[in-house]
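Undergrad: could you work out the structure for the sequence below:
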Amino acid sequence: MNWDDVRFFLAVYRAGTLRGAAQRLALDQTTVGRRLTGLERTLGSRLFLRTKGGLTLTDSGRQVLPTAENMERLAVSFERLSEGADERVAGEVRVTTTDALAVDFVVPAIERLRTTHPDIRVILSTTTRLLDLARREADVAVRTLRPEQPDLIVRQLARWEVGLYATQGYLERHGEPHPDEGFAGHDIALYQEGVTGRQDDTLAGAPRGQGRVVAELDSSLMLATFVRAGLALGELPDYLAQRDSRLVRVWPDRHRATPYEAWLVLHQDLAHTARVRVVVEAISDAFVR
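TA: Down below sits the predicted model:
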C-alpha cells in the first residue's frame, strides 16, 4: 500500500460510509469509491463489507488496519517535523474546543490575532469530541479535561468553581430551593448523558432526585443559554456569572465537587512553529484577560 491509498482506507473505516469519508477528505463520493475499489484490486482482497448499517471491515481489512494506522502516524510525524522549524507567521492553524470556550475566549483571541497577524487563517472546530492531535485532526486544542497522552504539551489556562445558577425571574416564580428537599418543585437543566463525566445525581452537592429534569443539553453553551432564559436551574462555571448580570448564584457557599478547567494542548513537534506559537499566545492571553 502507498500512503495516498491508506488515507482513503482509513477515512472509510472511520466514517463507515463512502459519503462520510468523502466529507472528511473534502472529495466527491465517486472518487472515494473508485480509490477504494482500486486499493482492493491492488491487494487482491475485499477490505469492506457493504451492510445496511454502512461499511464494515472484513478479516482482510482488520489485518491491514494496524499497518495503515502505523503508516498514518509516520506520515503525520514527518509532516509535523517538517513544519516544526517554519518561522513564517502565516498559513493555517487548526484549533478545536467546546462551543462555550470558543465564544467566550477563542473567538476574541482570533479577533485580536487578525489585527496583529492577518496572514494566519484559523480553522476552528467546536465539538465535545476529543479530536486526535497525533493524527493532525487539530494543531491546538482547548479542552476541559487534562489529556494524558505522551508527546503533548499541556498548559492549564483556567480553573473555576462550578456553582448553581438561575435567573432572578426564575427564583421569583419558583422560590429558592432548599438543600435538603431534593429540588422538589424545581425545574433542572442537565447535560445529556455522555457529554461530561463530571455530572452526577447532585447539584452543588445537594441531591436532585425530587426535581423535574426539563431539558438535557449537549454543550455548555446550550446549558448556559437555557439557564439564562430563566427556564431552569443549572450548574455553571463562575466566570459566566461574572460576565452576565442575569445569572444569580444560588447557595454561594456551595459548589460542585469537581471544578471547571480549561487546558491548552498541542503536540510537541509543533511547539516551535511560528504560526502555531502566535495562536497559542493569543488564546492564552484571552484567558488572562
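Undergrad: what are the contacting residues of the worst-scoring helix or strand of the chain on mean pLDDT?
TA: Least confident helix or strand of the chain, by mean pLDDT, DSSP states H and E, is helix 59-83 with a mean of 80. Helix 59-83 is contacted by residues 1, 3, 6-7, 9-10, 13, 43, 45-48, 57, 134-136, 267, 269-270, 273 when judged by C-beta atoms under 8 Å, 6 or more residues apart in numbering. The way it works is simple: take the backbone N, C-alpha and C, and place the C-beta from them, glycine included.
Undergrad: and with 6 Å instead?
TA: Under the contact criterion C-beta atoms under 6 Å, 6 or more residues apart in numbering, helix 59-83 has outside partners W3, V6, F9, L10, S45, L47, F48, R135, R136, D269, L270, T273.
Undergrad: can you check stretch 18-27 too?
TA: Counting by C-beta under 6 Å, 6+ apart, A11, V12, A15, D28, Q29, V32, G33 sit against stretch 18-27.
Undergrad: in it, what's buried?
TA: L18, G20, A21, A22, R24, L25 (16 or more other C-beta atoms under 10 Å).
Undergrad: also stretch 259-266?
TA: Buried residues in stretch 259-266, counted by 16+ other C-beta under 10 Å: Y260, E261, A262, W263, L264, V265, L266.
Undergrad: ok so, going back, now list the buried members of the contacts of helix 59-83.
TA: Neighbour counting with 16+ other C-beta under 10 Å marks V6, F9, L10, L47, F48, R136, D269, L270, T273 as buried within the contacts of helix 59-83.
Undergrad: where along this protein do the helices fall?
TA: For the chain, applying DSSP state H gives helices covering 3-15, 18-25, 29-43, 59-83, 99-101, 107-116, 168-174, 220-228, 238-243, 274-288.
Undergrad: re earlier: and the angle from the least confident helix or strand of the chain to helix 29-43?
TA: Orientation check (axes from the mean of the first three to the mean of the last three C-alpha atoms, to 10 degrees): helix 59-83 against helix 29-43 gives 110 degrees.
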